[in-house]
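Trainee: Just a sequence and a predicted model for now, questions to come.
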2 protein chains.
Amino acid sequence: MNATINPPKVKVSELIAQALEDLGITHVFGIIGAGNVHLYEAIARHGYSEIICVHHEQAACMAMQTYYRTCGKLSAALLTTGAGSTNGVTGVVSAWADSIPGIIIAGNENSRFTKPENTHRMWGVQGYDSVDMVCKVTKYANRVMDPQQAVYEIHKAAHIALDQRPGPCWIEVPMDIQSNRIDPETSAKFEPPCTMSQPTAQVRAQVESVVAALLSAERPLLWLGNGIRLAGAEKKIAPLLELLGVPALVSWAGIDMIDSGHPLVFGRAGVYGQRAANFILQNCDYLLTIGTRLAIPQVGYELSELARAARIDVVDIDPQEVSKHQARAQEMIVCDAAKFIDILQQSLHEKVITAKLAWIETCNAYQDQFPWVGPEHDDKGGFMNSYRFMQRLNTHFKKDQIVVTDMGTALLCGHQVLQIANGQRLMTSTGLGEMGYGLPAAMGASFATDRGEVMCLNCDGGMMLNLQEMQTIAHHQLPIKLFIFNNDGYLMIKHTQNALFKSSYVGTDRASGVSCPDFSKIAAAFDMPAFQIRHWDECDEVLAQVQAASGPVVCEVFMHPEQLFTPKLSLVAKEDGTLVSPPLEDLSPLVPRDMLQQAMIIGVHEKSKSL
Amino acid sequence: MNATINPPKVKVSELIAQALEDLGITHVFGIIGAGNVHLYEAIARHGYSEIICVHHEQAACMAMQTYYRTCGKLSAALLTTGAGSTNGVTGVVSAWADSIPGIIIAGNENSRFTKPENTHRMWGVQGYDSVDMVCKVTKYANRVMDPQQAVYEIHKAAHIALDQRPGPCWIEVPMDIQSNRIDPETSAKFEPPCTMSQPTAQVRAQVESVVAALLSAERPLLWLGNGIRLAGAEKKIAPLLELLGVPALVSWAGIDMIDSGHPLVFGRAGVYGQRAANFILQNCDYLLTIGTRLAIPQVGYELSELARAARIDVVDIDPQEVSKHQARAQEMIVCDAAKFIDILQQSLHEKVITAKLAWIETCNAYQDQFPWVGPEHDDKGGFMNSYRFMQRLNTHFKKDQIVVTDMGTALLCGHQVLQIANGQRLMTSTGLGEMGYGLPAAMGASFATDRGEVMCLNCDGGMMLNLQEMQTIAHHQLPIKLFIFNNDGYLMIKHTQNALFKSSYVGTDRASGVSCPDFSKIAAAFDMPAFQIRHWDECDEVLAQVQAASGPVVCEVFMHPEQLFTPKLSLVAKEDGTLVSPPLEDLSPLVPRDMLQQAMIIGVHEKSKSL
C-alpha cells in the first residue's frame, strides 16, 4: 500500500502568473491595491511579466491597446478592487470600440461578498459588481468564484479576446481566490473550441460575386480598415492592390497598414476627410470595404448619399457590422479579412485582370487638384496652421517612427495630413475617441518596442485627462516626444458652438471658464526638457532637437485658438437661411459649383446644387 | 372661429436649465463635449446655475459629493457622450457608497442609436449604453427618449436622489433630445409620490424596546453615523446625549456632526480605531447604532466578536443595511434618523432617566489611559510622525475649518487624531475610498461655501489620480491648502506586503516601480506657492503661513516611508507561528495582557489569551 502523499499546493496568484507566461504576456499595466496585492507579488516573483505601474487605471487599459497594436502581443491590466476597477472602464470601452484584445484582471473583495444576490451598496469594504458594470462593453466578463477555475478563465479570456473580432475581456478575481492554495493538477484547463477554418460555400459564392464586380466595374475602389491588420494580413494589401490595379482608400485606423505613398493608395475619406479621397469615394461605381466598420466619421450622416452610384460590398468578421448598412450593401460577407483576401486572390487566379488605368488617372488628378494641404490651410493671425505644421513634422519622421495621437487637432490634422511609410505607425482611439488617450498610448507603444521612441501628439485640453502619466514616462525615462498643440481649450467644441449658437463660448477656453497650465512649467515639474514652437523660422531647428532627444521631451506648438479644421463636412446655410447637410463629397469650405460639377463624374447632388 | 396659434417652442436644454433652477441647483460640474454642448449653452444663457469646468469627469462626480455634504444642496454633473460618461463612473460609485445625492446628466448620441436593442459596439459616433453600465450603482438611471419627459426625469432624479437613503441618479439625454424644441406646456410634470410621514406601529414598538434597553443597561452606548446628518438631524444629537446621559461613538463619516470635545463623545472605533473607543465599544452591554451602516472598517471581520456582551439595536433608513447584521442585531429599526430621534425623545418623556455616571467615568478612564496619540506614535528616523503632525495641525484650525482628506495617511491619521469642533467639517470617501478623492472634494466644499477656504489632506500616491484638478483650483484661485504627506508611494499597501509576504516591495515605492514627482515643482507649474515641512522646529511657522495664504497653496509634509499606522486591528503571529485574528478590542501593537485584562470588563477573549 502506498502512503497518501499530499500534493504541494500552489497559490492561485502564482498559477495566474504562470498562465500569463504560458500566454506569452511579457507586460502588464496597473496600480497595486489591497485587491490585487497577491497577484502583484506572484507576478513579480515569477519574473516573466514586467509590471508597469501607472498612475490611473484608465491609463493601464489604454496602454494595453497600443501595446497590442504595436507588437501584436496580448498584455493585461491589473486593477484592484473598487475604484481600481471603475477607473479602468474608459480604457475598456475604448478597446471594445476599436476591437483591441486585452485581458483585464480586476480584484474584488472576499468571494463571500461578491455575489449578484448581494444587494448592499458596497460589497465587503470597497467592492461592487464590476462584472455587471462591464458586461456590455467587453467580449467576455466573468468572476472567478472557484479557485480551480482561475487559470481556465484567464486562458478563456485570452482566447475570446483574440478570437474573431477582437476585444477586451474582464476577469474578476476576488481577493481570497487570489490567495487560495490549490493542487495545480486540479486546476481546470481551457481548451479552445475547434473552429471551422474552411470558408463556407456562401463566402466563396460571395467572393465570386465580388470578383465579377471588381473586374467589370469602371471605377472600382477598395476601402481598407484595421480589421486587416487585426487579421495579420496587412502585408497582403500591396500585392492585392497591384494584382487588381484598383485604387484604395484607408480608414484612419488603417492608415499605417500600407505606405501612404503607394501609387494605388489615395488617402482617407470621411467627415473630416481629404477632398480628393471623398471625391474618389463618392464617384466610384463599385466599393469593396474590408475590415472597416464604416463608422459615421467615415460615411457621414446620410447613408443613402454614400458612394451613391456604386454597388457596395462589405467584408467584416462581425455579422453585426456587416449588416449595419444593409440598406446600401449588396454582398455582406462575414469573413476574416486575411481569409477573404486569400480567397479573393485564389478566385482571381487565371482571370484576365486589367488595371483600371483611366480611373487611376482620375484619382491622381483629384489628388493633384485637391492636395492634402492647400490654400485653406494658410497661416492666419501670425500663427502657424496646424495642418501645415503636421506636413513639416512629417519631414522629421524617422524610418521607424511611431506616432500616437490624442483627440482634437492632434487627431484631425494628424490623420488628414501625415504620410506614413512602411515601417512607420500611426495610432489613436477612433471609436470612443477619449481625450487623454495620447500619453498612455505612447507608453504602450514604447513598452511594446522595448522602451522605444514614440511621438505623441496632444492638445492642451486633452493633455489634462492623463496628465499624471507624465510621471510614469519620467520614471522610466521613456523616449516619448510629447507634442502639445496649444489652442486655448477645446477647439473642436468651439467650432460646434460657433456653428450652433453664434454666441460667446461656454466652458471651452480660458475666458469661458476652462484653462490649461503652462506646459513648459509642467514639463519642468517632471524634469523633462521643454521646447516651444511659435513660428516657422524656429520650427525645423526645434523639431530636430526634439527628435534628437534621448529621453522624454515636451514640445508645445502654439496655434490660432480659432483655427478652422478644414475640409470638413458641415451644415451649410443657403441664401434664404435654411440649413443644408451636403453629401460627403461637398466638404466645407465649399468649392465653386463649377469645380464641383467638373469633379463629380456621377453628377452633382441636388442638395449641392442649391448651395 | 379662432385662428390656431402655434405656441412658442422651447429647446429641451433650456427647459432642463429651468428645471435646475426650480430645483435650486446653483452649481454644476463637468466638461463640455459634443454630447452636452446644448445643455452647456442653455444653462449658461439661463444664468442661474454656475458651470464649474473640471479637467476629468471623475472630479465632477466627486466635487458634487462634498458640495452637498458642505451646504446641503443638490448639484449636478454634466457629462458628455462616450468617455465623458465612463469617466464619471468612479465618482458615481463613490457617491452611491456614501449615500450622497446628486444628479448626473450624461449626454449620448442621437436617440436613433441609443436603444438597448442596438448591439453594435458603438452607438452612433462615440456612444454606448451608459444606463446599463451604472444601473446597479445608482438609485435611479434612465434615458430620456421622449423630449416631453426630460424635465420630468430631472425632477424625478432629484426626488429619488434625496428620498429615503440618498444616492446618485443618472439621467442620460441623447443629443437630439437636448436640442429638440417642444411646447413647454406639453412637458410632463413630476409629482413626488405621497410618502407616509407617520412612523409605523412597529417602529413605535421598537422604540419602546430601545428605551427600555437604554434605561436598564449598565453600559449603554450610542454609535452615530452620517445618516443623522443626511436626515438633517445633527443638531438633535447633543440634546439627545445630554438627555440620556449615555456615551457615544461616531463613525468616520459622522465625526463632524458633533463637537469631538463633547463630554459624552468618546471617539471613533474600528479596524483603524482608537484604542479607547474600541474598548468602550467592546465592553458596552447595549449598543444602539443610528444612521451608520456598520461597515467592515468599523466592525471588523468577525461579527460575532463585535460588542459581544451587548444587545445591539440598529436604526437605518435602508432595510438592506438594517438587516445586514441580523445575526447580531435584535431590533432592526427601519427609520429615518431624524424621525427616530424624535420618537425616541418623545418616548423618553416622563421617564426617569439616570445618567450612566459610572460607565461614563469608565469611558473617561479609557481615554486617559489610551490617548489618541501615544508613545506608539513617537517620531522615528528623524521624521515627524504623521499622527503627531495631525495633532499639531489641529491647533492651527480656524473656527470654521473645513477639512477633506484623500486616502492613506491623510485618511487614517486624520480620522484617528483630528478633533473637530462645532462649525468645523471633516469629509472623505469612506465607502469606495478612491485615491484621488481629495482635490475634487476640496473643490466641491469650496464652491459650496462661495469659494471658501478648505484644507485638503493628501498623500503623494493619491495626489496623482486627480492631479489635473490643480489647474481647476488654480483657474478659480480657490483658497485650498493642499497638504501632501510624502511617504514614497503607497504606504498602506507596503504594510500589507510586509504583513503578507515579508518580501521586497512590488509597485509600492520608487525602488519597486512607482514614483511621484517633486510636488514643489508641481506647485510651481500651477503657480501655487509651495511649502515643505520636515521637522518640528519649522512646523508651526510654516503652518501659520499656509493658513494665512489667501489663494491655493501646497504644503508637503515628509514622513517616514515605512511609518506604521497604529493602532490597528491586525493578524498576530503566536509563538508557534500560527496566525490569529484578534477581536476588535485587541489592537496592534498589542498591549500587555494584564493591561488588556484590566481593560476588558466583559473578560478577555480566548483568542487574545493565546497571544
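Mentor: It's in. Numbering: from 1, shown residues only, chains lettered A, B, ... in the order given.
Trainee: so who does residue A:66 touch?
Mentor: A:404, A:427, A:440, A:441, A:442, A:443, A:444, A:445, A:448 (CB atoms under 8 Å, 6 or more residues apart in numbering or on different chains). To be clear about C-beta, it is placed using only N, CA and C from the backbone, and glycine gets the same treatment.
Trainee: The same query, at a cut-off of 6 Å, please.
Mentor: By CB atoms under 6 Å, 6 or more residues apart in numbering or on different chains, the residues touching residue A:66 are A:404, A:427, A:441, A:444, A:445.
Trainee: secondary structure element for it?
Mentor: Counting by DSSP states H and E, the element that carries residue A:66 is helix A:57-71.
Trainee: How about the residues of the stretch 151-300 of chain A by chain B?
Mentor: Residues of the stretch 151-300 of chain A lying close to chain B by CB under 6 Å from any CB of the partner chain are residue A:296.
Trainee: dump the residue contacts of whatever residue of the stretch 151-300 of chain A ends up closest to chain B.
Mentor: In the stretch 151-300 of chain A, the residue found nearest to chain B is residue A:296; the distance is 5.0 Å by CB to the nearest CB. By CB under 6 Å, 6+ apart, the contact list for residue A:296 reads residue B:125.
Trainee: pLDDT wise, what is the most centrally placed residue in chain A at?
Mentor: Taking CA atoms, centre = their mean, the centroid of chain A lies closest to residue A:429, which sits 3.6 Å from it. Model confidence at residue A:429, given as pLDDT, is 98.
Trainee: Show me what from the stretch 401-550 of chain A comes close to chain B.
Mentor: So far as CB under 6 Å from any CB goes, the stretch 401-550 of chain A lies against chain B at A:431-434, A:464-465, A:467-468, A:471, A:475, A:493, A:496, A:501, A:506-508, A:513-515, A:517, A:521-522, A:525-526.
Trainee: Counting neighbours, which of those residues end up buried?
Mentor: A:431-434, A:464-465, A:467-468, A:471, A:475, A:493, A:496, A:501, A:506-508, A:513-515, A:517, A:522, A:525-526 (16 or more other CB atoms under 10 Å in any protein chain shown).
Trainee: Please flag which of those sit within strands.
Mentor: Among these, no member falls in strands (criterion: DSSP state E).
Trainee: Let's see which of those residues end up in helices.
Mentor: A:471, A:475, A:493, A:496, A:522, A:525 (DSSP state H).
Trainee: among the residues you listed, which two are most distant?
Mentor: A:475 and A:496 (37.4 Å; CB to CB).
Trainee: check contacts around the single nearest residue of the stretch 351-500 of chain A relative to chain B.
Mentor: With CB to the nearest CB, the shortest gap between the stretch 351-500 of chain A and chain B falls at residue A:434, namely 3.3 Å. Taking CB under 6 Å, 6+ apart, we find residue A:434 in contact with A:90, A:94, B:83.
Trainee: any idea how far it is from residue A:58?
Mentor: 8 Å (CB to CB, to the nearest Å).
Trainee: Overlap of the contact sets of those two?
Mentor: Common neighbours of residue A:434 and residue A:58 (CB under 6 Å, 6+ apart) are residue A:90.
Trainee: Restrict stretch A:515-533 to CA atoms and write it as CSV.
Mentor: In CSV, the C-alpha atoms belonging to stretch A:515-533 read as follows (Å, rounded to 0.1, in the frame of the first residue of the first chain):
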residue,chain,number,x,y,z
SER,A,515,-7.8,76.9,-18.8
CYS,A,516,-4.7,74.8,-19.1
PRO,A,517,-1.5,75.3,-17.3
ASP,A,518,1.8,76.4,-18.8
PHE,A,519,3.1,73.2,-20.2
SER,A,520,6.7,74.3,-20.1
LYS,A,521,6.3,74.6,-16.4
ILE,A,522,4.6,71.2,-16.3
ALA,A,523,7.5,69.7,-18.2
ALA,A,524,9.9,71.3,-15.7
ALA,A,525,7.9,69.7,-12.9
PHE,A,526,8.6,66.3,-14.4
ASP,A,527,12.2,67.2,-15.2
MET,A,528,11.6,67.0,-18.9
PRO,A,529,13.1,69.5,-21.3
ALA,A,530,10.5,71.7,-22.9
PHE,A,531,10.5,73.3,-26.3
GLN,A,532,8.1,75.8,-27.8
ILE,A,533,7.4,76.4,-31.4
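Trainee: and that stretch, how far from the chain's centre?
Mentor: 27 Å (CA atoms, centre = their mean, to the nearest Å).
Trainee: Touching it from outside, list them.
Mentor: Contacts for stretch A:515-533 (CB under 6 Å, 6+ apart): A:460, A:470, A:474, A:484, A:539, A:542, A:546, A:552-557, B:471, B:475, B:517, B:521-522, B:525-526.
Trainee: Residue A:169 against residue A:159, yeah?
Mentor: No. Assessed by CB atoms under 6 Å, residue A:169 is found out of contact with residue A:159, at 8.8 Å.
Trainee: buried sites along the following helix or strand past the helix holding residue A:66?
Mentor: Next helix or strand after helix A:57-71 toward the C-terminus (DSSP H and E): strand A:76-79. Buried residues in strand A:76-79, defined by neighbour count with 16+ other CB under 10 Å: A:76, A:77, A:78, A:79.
Trainee: ok, the third one touching residue A:38?
Mentor: Translated: residue A:78. No. The pair residue A:78 / residue A:38 is not scored as a contact, 10.8 Å apart, by CB under 6 Å.
Trainee: Residue A:594: neighbour count?
Mentor: Other residues within reach of residue A:594, judged by other CB atoms under 10 Å in any protein chain shown, total 9.
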